[in-house]
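Peer 1: Please work out how this folds:
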Amino acid sequence: MYPQTRLRRLRYNATLRQMVSETSLSANDFVQPLFVVYGENKKNSIKSMPGQFQLSVENLVAECKELAQIGVKSVLLFGIPEHKDEHGHVACQHNGIVQEGIRAIKKELPEMYIIADVCNCEYTTHGHCGTIFDGDVDNDLTLVTLAMQSVSLAEAGADMIAPSDMMDGRVDAIRTALDDAGFLKIPIMSYSAKYASGFYGPFRDAAESAPQFGDRKTYQMDPANSDEAMREIEQDILEGADIVMVKPALSYLDIIRRTKDDFNIPIAAYSVSGEYSMIKAAAANGWIDEKRIMMEMLTSIKRAGADIIITYFAKDAVLQLKSQN
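Peer 2: Residues are numbered from 1 along each chain as shown. Take a look at the predicted model:
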């Protein structure tokens, strides 16, 4: 106790602060989300996400090469198709936009670890995450499409499947389909606790996936609920999920911590578009130090218990870590 105990003794020297630091970030922590679009030589700026782009396949490969050179080893792919349909079947096609992107990356960068998002919102005319029946997303009809999409992405060369739809039973349906198709080694990273959040707005611009009617509250989680998240995560683990995810990250650090405490499984956290864009907007106005806030936010996610951080800041964070060493 004071005055014998003075906790500031461990803070006076920068080297000592580093020696006793409890949480550290590395390039191995990060996954960079990327958006791939049909066409040639396209690098469409995403207005609500400064520094992020919709990339045609050759530019997607170029971006992955740059990421690999600085030490980012994994990407999460989202696609913007030429045409949409009522059920999202376009996402299941052999020549789908994400499938083409995967094959192109693997041809040039076989070591790049590719996570394929599995959902229907980018591919449906109505912008919802599954097949509509009687005015709402039909859970079990949607499982059929999700399983087909997962197998197609695995056939294209995806290293991991990441279902983000929040349908009941999707992990079991996808695991069964992958195994039946011979993809027993492909892991599933499930968006297990995905909340119906206002932080997704910029992403919906980027992926052109805003719902055309209603909202997603009948399948995404109520932000007020914590115990329910544990039930969702437990169910996904029982169905065969290899990694569970909490999304968004920053307003749900308590959920990340509870998951770490309650379950012996790797945890991913998705620091979503709204979190990224708020920092970018505040920095552009000179209100905050962007790099400092970026690293503080990412450290908080790691400190809460995340093993994997999916973030649009992945490239910038790795470059910042290199500059500090």
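Peer 1: Pro202 is in what secondary structure piece?
Peer 2: helix 201-207 (DSSP states H and E).
Peer 1: So which elements touch the helix or strand just after that helix?
Peer 2: Once the chain leaves helix 201-207, the next helix or strand it forms, by DSSP H and E, is helix 227-239. Applying 3 or more C-beta pairs under 8 Å, 6 or more residues apart in numbering; DSSP states H and E, one finds that helix 227-239 makes contact with helix 170-180, strand 189-194, strand 243-247, helix 253-262. Quick note: C-beta positions are derived from backbone N, CA and C, even for glycine.
Peer 1: still on that earlier bit, ok now the helix holding Pro202, how far from the chain's centre?
Peer 2: Mean-position distance between helix 201-207 and its chain equals 13 Å (C-alpha atoms, centre = their mean, to the nearest Å).
Peer 1: where are the low-confidence patches of the chain?
Peer 2: In the predicted model of the chain, residues 127-128, 207-214 satisfy pLDDT under 70.
Peer 1: Please point out which parts of the biggest helix by length in it sit buried.
Peer 2: Assignment by DSSP state H gives helix 139-156 as the longest helix of the chain. For helix 139-156, the neighbour count (16 or more other C-beta atoms under 10 Å) marks 139, 142-154, 156 as buried.
Peer 1: Point out the most buried one among the helices and strands packed on helix 227-239.
Peer 2: strand 189-194 (a mean of 28; mean count of other C-beta atoms under 10 Å).
Peer 1: Parallel or antiparallel, which strands does that one pair with?
Peer 2: Here strand 189-194 is paired, per DSSP bridges, with strand 243-247 (parallel).
Peer 1: Other residues contacting the partner strand?
Peer 2: Contacts of strand 243-247 from elsewhere in the structure, counted by C-beta atoms under 8 Å, 6 or more residues apart in numbering, are 160, 162, 164, 187-195, 197, 229, 233, 236-237, 252, 255-256, 259, 263, 265-270, 272, 306-308, 310.
Peer 1: Buried among the residues you listed? Need that as a selection in ChimeraX.
Peer 2: Buried residues among these (16+ other C-beta under 10 Å), as a ChimeraX selection:
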select :160,162,164,187,188,189,190,191,192,193,194,195,197,229,233,236,237,252,255,256,259,263,265,266,267,268,269,270,272,306,308,310
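Peer 1: thinking again about what came up before, need the helices and strands packed on helix 227-239 in a markdown table (columns: distance to Gln52).
Peer 2: Below are the helices and strands packed on helix 227-239 laid out as a markdown table (distance: least, C-beta to C-beta, whole Å):
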| stretch | distance to Gln52 |
| --- | --- |
| helix 170-180 | 27 |
| strand 189-194 | 20 |
| strand 243-247 | 17 |
| helix 253-262 | 23 |
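Peer 1: Among those, which comes closest to Glu111?
Peer 2: strand 189-194 (18.9 Å; C-beta to C-beta).
Peer 1: Please put the alpha-carbon coordinates of the closest one into PDB.
Peer 2: Taking C-alpha atoms only, strand 189-194 is exported to PDB below (Å, rounded to 0.1, in the frame of the first residue of the first chain):
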ATOM      1  CA  MET A 189     -15.500 -19.100 -38.700                       C
ATOM      2  CA  SER A 190     -19.100 -18.300 -37.700                       C
ATOM      3  CA  TYR A 191     -20.500 -14.800 -37.100                       C
ATOM      4  CA  SER A 192     -22.000 -16.200 -34.000                       C
ATOM      5  CA  ALA A 193     -23.000 -13.000 -32.100                       C
ATOM      6  CA  LYS A 194     -23.800 -10.600 -34.900                       C
END
